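1. Got a sequence here, can you model it:
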Amino acid sequence: MHRLVKLSWLPIAALLAACSASDRALRNDTAADAGSSSTMTAASSWLIVGPRYPLSAGQRVTTDPTLLIGNLQSSISALQQRMQQQPDDVTAASQLSAALLQRAQIIGRQDDTEQALLIAERAVQMAPESAPAWRALATAQAALHRFTAAELSLQKAHAFGLSAEQVLPLQRDIQVAKGDYSGLKSDLDSASRPVGEFAALAHRADLLLLQGDLRGASLWLRTAQDLYHDVNPLPLAWLYTQQGIALLRFGRVSEARVFFAAAHQRLPAYYLATEHLAECEALLGNLDQARKLYVQVIEQTGNPEFMAALADVEQRAGDDSEAQRWRSAADSGFHRLLARDEAAYAAHAIEFWLEQGRLSEEVAALARRNVERRSDLGSLILNAQVEFALGQTERGCRLISRIDAAGLQPPELQDVAGFRPLCSAG
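-> Residues are numbered from 1 along each chain as shown. Take a look at the predicted model:
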């Protein structure tokens with residue numbers, strides 16, 4: 001799985017931007033460690049998992065997850081009712097769009113994201129000079145991988161009163177997703193420097209991972225944890241999931257499982273933690289537990305990516321019939337989603353067909369269109385794999401040149417390392 005191609009990360013920017021001012025000061029228990037990421041790099045036997053990382057529910061109390069989901073559902077229902085009574089209420093529309101995006105991020109139903117987009121579009125039509133409406137639209141567009149449109153909407157939000165500080169988190173996330181590494185140069189250069197703000201630390205951790213620095217990234221994620229003192233469990237669940245993904249990208253499955261389990265325990269409905277925990281269980285040979293988790297997240301989301309993963313579990317468990325059933329369901333699901341919104345689902349569909357060895361010129365064309373929309377390293381690597389698999393060596397080598405030109409060192413570079421001799425020979 002190409003974890004450089006993120007599916008559900010953008011709405012967190014708006015959520016984290018609302019963290020209280022008290023979270024902006026470094027706490028005593030992390031300040032001593034936060035001088036620079038070189039301190040961590042120098043530690044020869046440094047371990048990521050520790051007695052206070054991740055924090056247990058007892059060590060850091062957050063809102064009961066059932067209460068959180070219930071409150072969110074009630075808020076959405078109240079806003080929907082308000083919109084029915086006052087269809088021109090722009091404030092309600094912007095708030096409803098944001099609430100639907102938050103539910104989409106937790107539960108994983110793409111219907112919520114698409115509905116959020118429609119509501120935000122209506123809001124800007126009603127109030128074309130409303131900064132909150134344009135911000136809601138930008139966030140929904142970004143969540144559906146419509147990055148160019150999201151950038152334009154964010155510019156509108158800024159022009160109509162949204163501060164630069166409010167714009168920055170989503171703007172940075174869009175730049176990373178698009179592969180705008182030249183625009184991120186100053187951020188990349190300063191990624192190892194300490195900062196005392198949750199979202200900024202998470203962003204710097206992401207950039208350090210692009211540079212191959214797992215230890216530095218983990219230091220910033222750990223620091224972000226210790227800065228967070230709100231009661232909403234989602235940011236912590238998200239943070240632990242990001243740490244788990246970072247570890248998984250470097251092949252450290254057992255450690256990754258600890259963080260996914262912590263995220264799942266803190267917020268059981270958080271689909272991204274559940275599906276990654278299932279992946280770790282499968283990799284560790286715990287097939288029954290992996291199956292249970294995948295069934296849970298499939299019932300919750302209907303996502304064909306997880307159907308494909310469950311098919312692999314069933315194959316390993318020796319149930320070829322059940323494996324084929326889930327594989328067919330995944331194939332149908334990806335075709336259906338691509339017809340619905342190609343930009344949002346292209347990368348995951350390409351991954352599925354690549355892993356199945358079911359490539360065609362149609363899949364290659366899909367990969368090329370995906371790179372036209374976004375030139376991040378994950379998309380470039382995925383396209384290169386497809387081109388080489390189809391014997392399109394010249395195209396593949398051009399993509400490797402683009403990958404190398406970025407000057408970054410994410411662990412996913414190993415996915416194309418075997419093709420480099422073909423380019424050297426040419």
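2. Residue ranges in the stretch 1-150 of the chain under the pLDDT threshold?
-> Within the stretch 1-150 of the chain, the ranges that satisfy pLDDT under 70 run 1-46.
3. All the helices of it, residue numbers only.
-> 11-17, 28-31, 37-42, 65-85, 90-107, 110-126, 131-143, 147-159 (DSSP state H, counting those that start in this stretch).
4. Likewise for the stretch 201-350 of the chain?
-> Assigned helices in the stretch 201-350 of the chain, in chain order: 214-227, 233-249, 253-266, 271-283, 287-301, 304-316, 320-340, 342-356 (criterion: DSSP H, counting those that start in this stretch).
5. so which of the ones you listed gets nearest S56?
-> For S56, the closest of those is helix 253-266, at 7.6 Å, according to Cβ to Cβ. In short, each C-beta sits where N, CA and C put it, glycine included.
6. Just the buried positions in that closest one, please.
-> Using 16 or more other Cβ atoms under 10 Å as the test for burial, helix 253-266 gives 253, 255-266.
7. With stretch 355-363 instead?
-> Neighbour counts over stretch 355-363 (16+ other Cβ under 10 Å) mark L359, V363 as buried.
8. contacting residues for the closest residue to Q141 other than its chain neighbours?
-> Leaving aside its sequence neighbours, Q141 sits nearest to A150 (Cβ to Cβ, 6 or more residues apart in numbering; 3.9 Å). By Cβ atoms under 8 Å, 6 or more residues apart in numbering, A150 lies in contact with L137, A138, T139, Q141, A142, L170, I174.
9. check contacts around the second one.
-> This means A138. A138 neighbours (Cβ under 8 Å, 6+ apart): A150, E151, S153, L154, K156, A157, L170.
10. how about a cut-off of 6 Å?
-> A138 is in contact with A150, S153, L154, counting by Cβ atoms under 6 Å, 6 or more residues apart in numbering.
11. Go through those residues and name the one nearest S401.
-> S401 has its nearest neighbour among the contacts of A138 in A150, at 28.2 Å by Cβ to Cβ.
12. Roughly how far does that closest one sit from A142?
-> The gap separating A150 from A142 is 4 Å, by Cβ to Cβ, to the nearest Å.
13. what is in contact with the two at once?
-> With contacts taken as Cβ under 6 Å, 6+ apart, the residues that reach both A150 and A142 are I174.
14. Include distance to I403 and mean pLDDT when you put the helices of the stretch 201-350 of the chain into JSON lines, please.
-> JSON lines is the format used below for the helices of the stretch 201-350 of the chain (distance: least, Cβ to Cβ, whole Å; pLDDT from 0 to 100):
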{"stretch": "helix 214-227", "distance to I403": "20", "mean pLDDT": "97"}
{"stretch": "helix 233-249", "distance to I403": "16", "mean pLDDT": "98"}
{"stretch": "helix 253-266", "distance to I403": "25", "mean pLDDT": "98"}
{"stretch": "helix 271-283", "distance to I403": "25", "mean pLDDT": "98"}
{"stretch": "helix 287-301", "distance to I403": "31", "mean pLDDT": "98"}
{"stretch": "helix 304-316", "distance to I403": "24", "mean pLDDT": "98"}
{"stretch": "helix 320-340", "distance to I403": "25", "mean pLDDT": "98"}
{"stretch": "helix 342-356", "distance to I403": "16", "mean pLDDT": "97"}
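15. Columns distance to L79 on top of these, output as TSV?
-> Below are those laid out as TSV (distance: least, Cβ to Cβ, whole Å):
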stretch	distance to L79
helix 214-227	30
helix 233-249	18
helix 253-266	26
helix 271-283	22
helix 287-301	22
helix 304-316	29
helix 320-340	25
helix 342-356	24
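16. Which one of these lies nearest to G396?
-> Set against G396 and scored by Cβ to Cβ, those come closest in helix 342-356, at 13.0 Å.
17. What lies in contact with the helix or strand following the closest one?
-> Per DSSP states H and E, the first helix or strand lying C-terminal to helix 342-356 is helix 361-373. By Cβ under 6 Å, 6+ apart, the residues outside helix 361-373 that reach it are A343, A346, I350, W353, S379, N383, V386, L390.
18. Pull out the buried residues from helix 361-373.
-> Those would be V363, A364, L366, A367, N370, V371, R373, for helix 361-373 by 16+ other Cβ under 10 Å.
19. So which of those residues is the closest to S97?
-> Nearest to S97 among the buried residues of helix 361-373, counting by Cβ to Cβ, is R373 at 22.6 Å.
20. Would you mind stating the distance between the closest one and A347?
-> 10 Å.
21. got it, and A330?
-> A330 is 15 Å from A347, by Cβ to Cβ.
22. Same check on A143?
-> In terms of Cβ to Cβ, A143 sits 14 Å off from A347.
23. And for G244?
-> From G244 over to A347 the distance is 20 Å, taken as Cβ to Cβ.
24. Who has more neighbours out of the two?
-> Neighbours were counted for G244 and for A347 using other Cβ atoms under 10 Å; G244 has more, 30 against 26.
25. Without its sequence neighbours, what residue ends up closest to that one?
-> If the residues on either side of it in the chain are set aside, G244 comes closest to F259, at 3.7 Å by Cβ to Cβ, 6+ apart.
26. Identify the residue spatially nearest to Q115, adjacent ones excluded.
-> Sequence neighbours aside, L100 is the residue nearest to Q115 in space, at 5.5 Å (criterion: Cβ to Cβ, 6+ apart).
27. Around that neighbour, count how many other residues there are.
-> 28.
28. quick revisit: with distance to E394 added, can I get the buried residues of helix 253-266 in a markdown table?
-> Putting the buried residues of helix 253-266 into a markdown table (distance: Cβ to Cβ, whole Å) gives the following:
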| residue | distance to E394 |
| --- | --- |
| V253 | 36 |
| E255 | 40 |
| A256 | 37 |
| R257 | 41 |
| V258 | 44 |
| F259 | 41 |
| F260 | 40 |
| A261 | 45 |
| A262 | 46 |
| A263 | 43 |
| H264 | 45 |
| Q265 | 50 |
| R266 | 49 |
